[in-house]
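>>> coords below, sequence missing:
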């Protein structure tokens, strides 16, 4: 049973940077494609980025250039570095293990963390 635990969220000001971490236990982390999603109050869960087991990165187009996903297979974790944050980035951020299908669809992920809150003040 794979378990995912996010950390690193918090309250920051617009323009700040923040790095989220997702610790993964159980199974074979280096074989997983891992993604990040976010969900703002009253909105649907939104795709942020994915990194494949081979290290290929994919991003939601609007976030490309500000967000960077990476993985550390030695520590079984996936990171999300977020730069130049805006109030529009305020959301709960989730990491998830990709199963199959389209990367941007949440239904195609079969394991989720509990989320970490990111709040960006103006």
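Arrived safely, thanks for sending. No experiment lies behind these values; they were computed from the predicted model shown. Numbering: from 1, shown residues only.
>>> which residue ends up closest to the midpoint of this structure in space?
Central residue of the chain (Cα atoms, centre = their mean): residue 36, 2.4 Å from the mean position.
>>> tell me the contacts of that residue?
Taking Cβ atoms under 8 Å, 6 or more residues apart in numbering, we find residue 36 in contact with 20, 22, 48, 49, 50, 69, 78, 80, 93, 94, 95, 96. All C-beta atoms are positioned from the backbone trio N, CA, C, and that covers glycine.
>>> tell me the contacts of the fourth one?
In this structure, residue 49 makes contact with 35, 36, 57, 58, 59, 60, 63, 67, 69, 80, judged by Cβ under 8 Å, 6+ apart.
>>> Please name the bridge partners of the second one.
Spelled out, it's residue 36. Beta-bridge pairing of residue 36 under DSSP bridges involves residue 49, residue 95.
>>> For it, give its distance to residue 48.
Remark: distance between residue 36 and residue 48 (Cβ to Cβ, to the nearest Å) = 4 Å.
>>> what sits in contact with each of those two?
Counting by Cβ under 8 Å, 6+ apart, the residues touching both residue 36 and residue 48 are 69, 80, 93.
>>> Mark which of those residues are part of strands, please.
Counting by DSSP state E, the shared contacts of residue 36 and residue 48 place 69, 80, 93 in strands.
>>> who wins for neighbours among those?
residue 80 (27 neighbours; other Cβ atoms under 10 Å).
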